[in-house]
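Visitor: Starting from these lines, generate the structure:
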Amino acid sequence: MFKRILLPADGSEHSIRAAEKAIAIAKADVQSSVTVLYVVDGSTSKADVLKNWDSLGIASQRKAKLSAIEQQALNEKINFEIKIVRGEPGPAIVKYANDHKYDLIVIGSRGLNALQEMVLGSVSHKVAKRALCPVMIVK
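Guide: Now for the predicted structure:
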């Protein structure tokens, strides 16, 4: 049913729960694949540079945020890939999903951003409003 699944993830608890759902959906059809999308926004990028002085450190830190999701996908033997894009998370996710014609987006209701903890994830809300495919928001 859903062959191309987009999983925007930032390593938060909500994105890990969203990954569990995306993987379960992908397991239902051997032709399904999951793209894990990590968006590097301006504030994340600045914080990464301040914590790490080399680009290898920054890349490994970003990869570490997604390691739990990567391990889940490997354990369940589903087809997946990890993509990293730059931009403001909501619009970047929508653009990537619409440009690549995904069948489903599975996204956590909140991310790592402290401000998002106060509102029903502003990123997930933007994605749900603007994506051209169905969006599943996982609590």
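
Visitor: Where does Leu6 sit, in terms of helix or strand?
Guide: Taking DSSP states H and E as the definition, one finds Leu6 inside strand 4-8.

Visitor: could you give the mean pLDDT of that strand?
Guide: Taken as a whole, strand 4-8 has an average pLDDT of 98.

Visitor: and the angle from the helix or strand following that strand to strand 4-8?
Guide: Taking DSSP H and E as the definition, the helix or strand that follows strand 4-8 towards the C-terminus is helix 13-27. For helix 13-27 against strand 4-8, the angle by axes from the mean of the first three to the mean of the last three CA atoms, to 10 degrees is 170 degrees.

Visitor: Now helix 13-27: buried residues?
Guide: Along helix 13-27, these residues count as buried under the neighbour rule (16 or more other CB atoms under 10 Å): His14, Ser15, Ile16, Ala18, Ala19, Lys21, Ala22, Ile23, Ile25, Ala26. Quick note: C-beta positions are derived from backbone N, CA and C, even for glycine.

Visitor: what's the most distant pair in those residues?
Guide: Greatest spatial distance in those: His14 and Ala26, 18.6 Å, computed using CB to CB.
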